[in-house]
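Peer 1: Sequence plus predicted model, see below.
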Amino acid sequence: MKIIVDDLRGPEIASLIGEHLHNMTLHSPAESIHALDLESLRKPDITFWSAWDGHALMGCGAIKQLSMNHGEVKSMKTSPDHVRKGVARKLLQHILEESKKRGYTRVSLETGSMDAFLPARRLYESFGFKYCGPFADYKEDTNSVFMTKVL
């Protein structure tokens, strides 16, 4: 698996992010969806990575800089053909390593509270993320859970 910084211009990424946004609508009410579209992911405070096996897109993930020492994991998504192959684990490991290089002392995230998000929550727990209250501009929401990890 090769992980690269992605400019979000390829059709594979557009399709995967589109699928990610659509999936959010299946499990969360609109006001509780915090996933970013392609244009929002192109902001200078976000670094976006994609994971590839040759020409096959395996997944993606991003980090948003919240402050000089705090980052937020965004847009973690595994391509349907590559689920349960360790893609999300490798991407999250890459994001955390990059966060340390940037001098972040904490990384946080928001994910859904519904059963559909249980695999994601278990992944984050396995990396030492702990449940916490809302951070940055988030508000308390029964459809969201917030997690953080001290680096």
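Peer 2: Perfect, thanks for sending it.
Peer 1: What lies in contact with the one helix or strand in the chain whose mean pLDDT sits lowest?
Peer 2: Across the helices and strands of the chain, mean pLDDT, DSSP states H and E gives its lowest value to helix 11-27, namely a mean of 93. Helix 11-27 has contacts (CB atoms under 8 Å, 6 or more residues apart in numbering) with 6, 8, 33, 35, 37-38, 41, 50, 57, 59-60, 75, 77, 79-80, 112, 114, 116-117. The way it works is simple: take the backbone N, C-alpha and C, and place the C-beta from them, glycine included.
Peer 1: That one: how far from the chain's middle?
Peer 2: Going by CA atoms, centre = their mean, to the nearest Å, the spacing between the C-alpha centre of helix 11-27 and its chain's C-alpha centre is 13 Å.
Peer 1: how about it: buried residues?
Peer 2: Of the residues in helix 11-27, those buried under the neighbour-count criterion (16 or more other CB atoms under 10 Å) are 13, 16, 17, 20, 21, 24.
Peer 1: just stretch 38-56 next, same as before
Peer 2: Of the residues in stretch 38-56, those buried by neighbour count under the rule 16+ other CB under 10 Å are 41, 46, 47, 48, 49, 50, 51, 52.
Peer 1: what's the most distant pair in these?
Peer 2: Comparing all pairs in the buried residues of stretch 38-56 by CB to CB, the longest separation belongs to 46 and 52, at 19.5 Å.
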